[in-house]
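Participant: 3D model of this:
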Amino acid sequence: MSSTRKEIVVASFWSRFMPEVILSFHDVHKDYLSHSSEWWSKSPLIKAVKGFDLDVEEGDSWGVVGESGCGKSTLAKMVMGLEKPTQGKIHFQSHELLNHLSENRTSFYRSVQMVYQHPTASLNPRQTVGQIFQYQIQRMGIDDDEHHSRIREVLETEGVYCEGIAFKTKIIGPG
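Facilitator: Have a look, this model is predicted:
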């Protein structure tokens, strides 16, 4: 067996044990034009994201944390297709993100959801967690019979355990 053939067989064997990369960022940059006309303004560009690299594998849960102004929201907007990177590539399930969005926007938004920075502003205290999740799950087309078990599964996967899904929106997570 040739050396190249052995490498292909070994790569094929190990790929079964390696999780699939579902979201990847390669040298992602986002610049904005500065609207400051002040004489002390040094650059006409604001560099919101500079050279971001990351691979997110199937089953991973990630949070983006950083100081104010470091590009967290800009990064989230680029993942959701609301902003285009100035430089670099974002891939979702091995497809270039912007091309994937133009062809499969609905299926993409079923797979990727935003969690906003201020949950107290985005969660309605008059609704239960079950009601909030149920609205999104209905939009995804999941059967009513299945939605309770799916909500419980998602919450437990993220470390939020509940006796019932009809509790008010004061969520206490892991730790």
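Participant: separation between the residue most central in space within the chain and Leu23?
Facilitator: For the chain, Val112 is the residue whose C-alpha lies nearest the centre (C-alpha atoms, centre = their mean; 5.6 Å). Between Val112 and Leu23 the distance is 8 Å, computed by C-beta to C-beta, to the nearest Å. Backbone N, C-alpha and C define where each C-beta goes, glycine included.
Participant: can you pull out the helices in this protein?
Facilitator: Along the chain, counting by DSSP state H, helices occupy 3-15, 72-79, 97-111, 119-122, 129-140, 144-157.
Participant: burial-wise, tell me which of those helices comes out on top.
Facilitator: helix 72-79 (a mean of 19; mean count of other C-beta atoms under 10 Å).
Participant: that helix - contacts with which helices or strands?
Facilitator: strand 21-33, strand 45-57 (3 or more C-beta pairs under 8 Å, 6 or more residues apart in numbering; DSSP states H and E).
Participant: tell me what the closest residue to Leu45 other than its chain neighbours is bridged to.
Facilitator: For Leu45, ignoring the flanking residues on the chain, the nearest one in space by C-beta to C-beta, 6 or more residues apart in numbering is Asp31 at 4.7 Å. In this entry, Asp31 is beta-bridged to Lys47, by DSSP bridges.
Participant: dump the residue contacts of Asp31.
Facilitator: Counting by C-beta atoms under 8 Å, 6 or more residues apart in numbering, Asp31 makes contact with 45-48, 86.
Participant: and Ile151, by the same measure?
Facilitator: Applying C-beta under 8 Å, 6+ apart to Ile151 gives the contacts 129-130, 133-134, 137, 165.
Participant: I'd say the residue nearest to the centre of the chain and Phe92 touch.
Facilitator: Yes: between Val112 and Phe92 a contact is recorded at 7.5 Å, counting by C-beta atoms under 8 Å.
Participant: check the contact lists of these two and give me the overlap.
Facilitator: Overlap between the contact sets of Val112 and Phe92, as judged by C-beta under 8 Å, 6+ apart, is given by Leu23.
Participant: distance of Ile137 from His26?
Facilitator: 33 Å.
Participant: look at the residue lying closest to Glu57 once chain neighbours are set aside and report its pLDDT.
Facilitator: Closest residue to Glu57 in three dimensions, ignoring its sequence neighbours and counting by C-beta to C-beta, 6+ apart: Pro19, at 4.0 Å. We have a pLDDT of 75 for Pro19.
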